[in-house]
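> Dropping a prediction and its sequence here:
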Amino acid sequence: LAKTTQPISMDSYEGQEVNITCSHNNIATNDYITWYQQFPSQGPRFIIQGYKTKVTNEVASLFIPADRKSSTLSLPRVSLSDTAVYYCLVGVYSSASKIIFGSGTRLSIRP
Amino acid sequence: KAGVTQTPRYLIKTRGQQVTLSCSPISGHRSVSWYQQTPGQGLQFLFEYFSETQRNKGNFPGRFSGRQFSNSRSEMNVSTLELGDSALYLCASSPGGEQPQHFGDGTRLSIL
């Protein structure tokens, strides 16, 4: 099972770009990389998913190098409402038991 | 499209009782998974159902069980409640395959 390592916490300021890097050295060939955002007392919210190279949607970008041993979630121009815990997951969704949530990164945005 | 709906949102029980939590997945989603979230252990996988069959099971005691109905709605049951069962119980659904899961906002269960 692929384990992920993320920074425990990060601080930034409104309007800045935030990059959160996740390490997953044991990623398997079939594994996807997915990021979730969670606010207190709410369920995780899907942000972005990718397999390789770069993926971009309306809220974030995901950069995955060729060796896929790490990935970087990029949040452009963050606001106070982006303060949350961010989880990086690797796995195959056809088998939910193999999706492991790590401790996540607690991102704090300041005015 | 409506999201994943979990009921009730909050529940208070006492030790020894049993509880049933309900989850309505996103329309068209056939896979439903349950997770337990606590401050100490984080998010832990309980079980997954697909087309009314349990497909995967996490490392939880037999007091935790679930089922899925033909309309994909799912219920989770915990019997003989213990203080340590206090947690946020989350349900997630997906269409299946390699599509990501989408979570509900959970049921906060408190055991007194």
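Perfect, thanks for sending it.

> so what's the residue nearest the centre of chain B closest to, chain neighbours aside?
The centroid of chain B falls nearest to residue B:34 when counting by C-alpha atoms, centre = their mean (3.3 Å). The shortest distance from residue B:34 to any non-neighbouring residue, by C-beta to C-beta, 6 or more residues apart in numbering or on different chains, is to residue B:46 (4.1 Å). C-betas here are computed from N, CA, C, even on glycine.

> Could you say which helix or strand holds the one you found?
strand B:42-50 (DSSP states H and E).

> Tell me the helix or strand right after that strand.
Following strand B:42-50 in sequence, per DSSP H and E, is strand B:53-57.

> That following strand and chain A in contact?
Yes. Against chain A, strand B:53-57 shows contacts by C-beta under 8 Å from any C-beta of the partner chain at B:55-57.

> Please produce a markdown table containing these, extended by neighbour count.
Formatted as a markdown table, those follow (neighbours: other C-beta atoms under 10 Å in any protein chain shown):
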| residue | neighbour count |
| --- | --- |
| B:55 | 18 |
| B:56 | 18 |
| B:57 | 14 |
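
> residues contacting residue A:83?
The contact partners of residue A:83, taken as C-beta atoms under 8 Å, 6 or more residues apart in numbering or on different chains, are A:107-109.

> and the residues you listed, which are buried?
By neighbour count, with 16 or more other C-beta atoms under 10 Å in any protein chain shown, the contacts of residue A:83 hold A:107, A:109 as buried.

> May I ask you to confirm that the residue nearest to the centre of chain B belongs to a helix?
No. Assigned with DSSP: H, G, I helix; E, B strand; the rest coil, residue B:34 falls outside any helix and is strand.

> who's in contact with it?
With C-beta under 8 Å, 6+ apart, residue B:34 has these contacts: B:23, B:45-48, B:66, B:74, B:76, B:89-92.

> just to revisit the earlier point, with pLDDT as extra columns, can I get the residues of strand B:53-57 next to chain A in a markdown table?
Shown next, in a markdown table, are those (pLDDT from 0 to 100):
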| residue | pLDDT |
| --- | --- |
| B:55 | 88 |
| B:56 | 86 |
| B:57 | 89 |
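
> for the residues you listed, which one is nearest chain A?
residue B:56 (3.6 Å; C-beta to the nearest C-beta).

> Quick check: of the residues of strand B:53-57 next to chain A, which lies closest to residue A:53?
residue B:56 (29.7 Å; C-beta to C-beta).

> close enough to count as contact, that closest one and residue B:45?
Yes. Using C-beta atoms under 8 Å, residue B:56 is in contact with residue B:45, at 7.5 Å.

> mind listing what residue A:35 touches?
A:22, A:47-49, A:60, A:62, A:73, A:86-89.

> Okay, now the unreliable bits of the chain?
Because you didn't say which chain, this covers chain A. Low-confidence segments of chain A, defined by pLDDT under 70: A:1-2, A:93-98.

> hmm, I had chain B in mind actually
In chain B (pLDDT under 70), the answer is B:1.

> switch the cut-off to 80
B:1, B:96-99 (pLDDT under 80).

> Residue A:31 contacts residue A:92, doesn't it?
Yes. Using C-beta under 8 Å, residue A:31 is in contact with residue A:92, at 6.0 Å.

> Give me the more crowded residue out of these two.
Between residue A:31 and residue A:92, residue A:31 has the larger neighbour count (other C-beta atoms under 10 Å in any protein chain shown), namely 21 against 16.
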